[in-house]
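*Asks:* Kindly return the folded structure for what I paste below:
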Amino acid sequence: MATNKTTGDKGEKIVIDYFRRKGIKAIKAEHGLGYDVKAGKYLIEVKSTGQTTKQKNFFFLSQNEFLAACRNKNYWIYWVNIKENKIKLKISRNEILKHTRPSPQYSLYLSELKKKIED
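*Replies:* The predicted model follows:
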């Protein structure tokens, strides 16, 4: 059984590899910045799961992640399904700010998002 950390690490690697295939330098960010990967001008929080969108219909964002989205216009969340080894959704900062519910935790519901990845 994979731990949350190993699942997260796998998801981050998928995102880093995705950008590198596109010729964009991508690196793992330092802990505590509110995002996991810096790829070119983009700051990306990676949410990884082995579940399908039918099983997982929301994310929790930490206060630090939400504040990083508020401060950075190039902030994105990428949802990665590690069982399928691919990025399932790209969520822009505007979508994050529009759809995040701050109570009781910062929750972002997938059913409210429309920015699906095509590749």
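
*Asks:* model confidence over the helix ranked longest in the chain, on average?
*Replies:* Taking DSSP state H as the criterion, the chain has its longest helix at helix 4-21. Averaging the model's pLDDT scores along helix 4-21 yields 90.

*Asks:* contacts for the very next helix or strand once past it?
*Replies:* Reading on from helix 4-21 to the C-terminus, the next helix or strand found by DSSP states H and E is strand 26-28. Contacts of strand 26-28 from elsewhere in the structure, counted by CB atoms under 8 Å, 6 or more residues apart in numbering, are 12, 15-16, 18-20, 36-40. In short, each C-beta sits where N, CA and C put it, glycine included.

*Asks:* can you do 6 Å?
*Replies:* By CB atoms under 6 Å, 6 or more residues apart in numbering, the list of residues contacting strand 26-28 from outside reads 16, 19-20, 37-39.

*Asks:* hmm, which two among those are most spread apart?
*Replies:* Arg20 and Lys38 (12.6 Å; CB to CB).

*Asks:* okay, the two: which has more neighbours?
*Replies:* Comparing Arg20 with Lys38 by other CB atoms under 10 Å, the one with more neighbours is Lys38, at 19 against 13.

*Asks:* Other residues contacting the strand or helix carrying the more buried one?
*Replies:* Per DSSP H and E: Lys38 is located in strand 37-39. Strand 37-39 is contacted by residues 12, 15-16, 19, 24, 26-27, 29, 44 when judged by CB under 6 Å, 6+ apart.

*Asks:* quick one: buried residues of the lowest-mean-pLDDT helix or strand in the chain?
*Replies:* The least trusted helix or strand in the chain, going by mean pLDDT, DSSP states H and E, turns out to be strand 106-109, with a mean of 70. Taking 16 or more other CB atoms under 10 Å as the basis for neighbour counts, the residues of strand 106-109 that come out buried are 106, 108.
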